[in-house]
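S.K.: What follows is a protein structure lacking sequence information:
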């Protein structure tokens, strides 16, 4: 057995519980049994696309560092390889081809956060000096970017530029990300008012709707935020959006405890960050994104953001259901810290 790469582990974390080299986190709970439980929820044979178009929200007012995708034709003999007739090369050929490329910000639209997306300054090696550390003690240096003997990924290490290494989104993709999901319909109870939902309110909503979360379930939070974005047709009103729809209160310790104890495998929302950002003020040295820290850094719980949950939530509500089969694999892109996702909910 490989020895732990850390001496200290964060309070409330599960580092080492799935093994010293684990890089999947709570996706380990997406067992074959959980997949079968998800399949058992398919009764009507209806599928819902749970992803926004990749060019939504539109612009970059929600995040100045993230931009819409840019499409371009590939080049063929110095010409645009788009509506390109093969007859230019051989008069007997009737084919016409379109071939293009895209420049995308990986976390612009509906997305997964990998476990390399958010870490923390933490003294994992016990030398009294906090250093950049990610889930299960992978460091922000050799463990993230290094060769296999340093805990890295040889395929990812060959990429140019940034490299999330063994915690990159490709590790998530390799699991398939399929199983039983549970919808918690926050919009049904709080409308589109901007509210921070803590533990007590979340539990009251679950009780009112008969929602039960079991270990290995993928939890989805419907707030109406993605529907508002769609209605703005790629011209988002940042002020309106920042004042709209529910978000989890990442500063609520009881909510974080529930995330731990529930055994949920992943946490998904149709809003921008799952939790309210900026969060409520903290004390002393603290995380700006406490739910991200708790999930990605401490527990290995991937976060899904800007999922399009509205149509499915309405269908589930009308049919007095809360569970469905979710298939939501990210791009298998070695080294990336996040990824678009074309998610499908089946009922």
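M.R.: Okay, I see it. In this text the structure is predicted, and so the values were computed from the model without any measurement. Numbers count the residues shown, from 1 in each chain.

S.K.: Could you list the single helix or strand in the chain with the lowest mean pLDDT?
M.R.: For the chain, scoring each helix and strand by mean pLDDT, DSSP states H and E identifies helix 154-157 as the least confident one, at a mean of 43.

S.K.: Report the contact partners of residue 115.
M.R.: Going by CB atoms under 8 Å, 6 or more residues apart in numbering, residue 115 touches 23, 25, 134-135, 167, 171-172, 296, 300, 302. The C-beta positions use only the backbone N, C-alpha and C, and glycine is treated the same way.

S.K.: Could you list which of these belong to strands?
M.R.: residue 302 (DSSP state E).

S.K.: Take the contacts of residue 115 and lay them out in CSV including pLDDT.
M.R.: As requested, the contacts of residue 115 are arranged in CSV below (pLDDT from 0 to 100):
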residue, pLDDT
23, 96
25, 98
134, 97
135, 97
167, 96
171, 97
172, 98
296, 98
300, 98
302, 98
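
S.K.: can you count the residues close to the nearest residue to residue 110 once chain neighbours are set aside?
M.R.: The shortest distance from residue 110 to any residue that is not its chain neighbour, by CB to CB, 6 or more residues apart in numbering, is 4.0 Å, and that residue is residue 51. Burial measure for residue 51: 19 neighbouring residues, criterion other CB atoms under 10 Å.

S.K.: okay but residue 51 is in contact with residue 339, surely?
M.R.: No: contact criterion CB atoms under 8 Å: residue 51 and residue 339 do not qualify, at 11.5 Å.

S.K.: From residue 17, how far off is residue 115?
M.R.: For residue 115, the distance to residue 17 (CB to CB, to the nearest Å) stands at 14 Å.

S.K.: Residue 132 falls within a helix, correct?
M.R.: No: according to DSSP: H, G, I helix; E, B strand; the rest coil, residue 132 belongs to no helix; its state is strand.

S.K.: residues near it, how many?
M.R.: The local packing of residue 132 (other CB under 10 Å) involves 14 other residues.

S.K.: Which residue ranges of the stretch 201-347 of the chain form helices?
M.R.: In the stretch 201-347 of the chain, the segments counted as helices under DSSP state H, counting those that start in this stretch are 225-231, 238-242, 253-262, 290-292, 310-318.

S.K.: Tell me which stretches of the stretch 1-150 of the chain form helices.
M.R.: In the stretch 1-150 of the chain, the segments counted as helices under DSSP H, counting those that start in this stretch are 32-40, 142-145.

S.K.: Mean pLDDT lowest where, among these?
M.R.: Note on the helices of the stretch 1-150 of the chain: lowest mean pLDDT is at helix 142-145, with a mean of 55.

S.K.: Just to check, residue 301 is in contact with residue 264?
M.R.: Yes: Residue 301 is within contact range of residue 264, at 7.0 Å (criterion: CB under 8 Å).

S.K.: any residues in contact with both of these two?
M.R.: Common contact partners of residue 301 and residue 264 (CB under 8 Å, 6+ apart): residue 26.

S.K.: The two: which has the busier surroundings?
M.R.: More neighbours sit around residue 301 than around the other of residue 301 and residue 264, counting by other CB under 10 Å; the figures are 26 against 23.

S.K.: mind listing what residue 59 touches?
M.R.: 68, 234-236.

S.K.: pLDDT value on it, please?
M.R.: Turning to residue 59, the model gives it a pLDDT of 95.

S.K.: Would you check how far apart it and residue 191 are?
M.R.: From residue 59 over to residue 191 the distance is 26 Å, taken as CB to CB.

S.K.: for residue 176, same thing?
M.R.: For residue 176, the distance to residue 191 equals 35 Å [CB to CB].

S.K.: now residue 88
M.R.: Counting by CB to CB, the gap from residue 88 to residue 191 is 58 Å.

S.K.: which of the residues in stretch 70-79 are buried?
M.R.: Judged by neighbour count using 16 or more other CB atoms under 10 Å, stretch 70-79 contains no buried positions.

S.K.: quick one: terminal-to-terminal distance for it?
M.R.: Length of stretch 70-79, first residue to last, CA to CA, to the nearest Å: 18 Å.

S.K.: Any regions of this protein where pLDDT drops low?
M.R.: Applying pLDDT under 70 to the chain flags residues 1-2, 140-161.

S.K.: go with 90
M.R.: In the predicted model of the chain, residues 1-5, 62, 77, 139-164, 278, 283-285 satisfy pLDDT under 90.

S.K.: Which residue comes closest to residue 117 once chain neighbours are left out?
M.R.: Closest residue in space to residue 117, ignoring its immediate chain neighbours: residue 337 at 4.8 Å, by CB to CB, 6+ apart.

S.K.: burial measure for that neighbour, as a count.
M.R.: Neighbourhood size, residue 337 [other CB under 10 Å]: 23.

S.K.: Kindly report the same for residue 50.
M.R.: Residue 50 is surrounded by 27 other residues when neighbours are defined as other CB under 10 Å.

S.K.: same deal with the one 5 residues further on?
M.R.: When counting by other CB under 10 Å, one arrives at 15 neighbours for residue 55.

S.K.: How much space separates the residue nearest to residue 110 from residue 268?
M.R.: As defined by CB to CB, residue 51 lies at a distance of 11 Å from residue 268.

S.K.: Kind regards, and thank you for your time.
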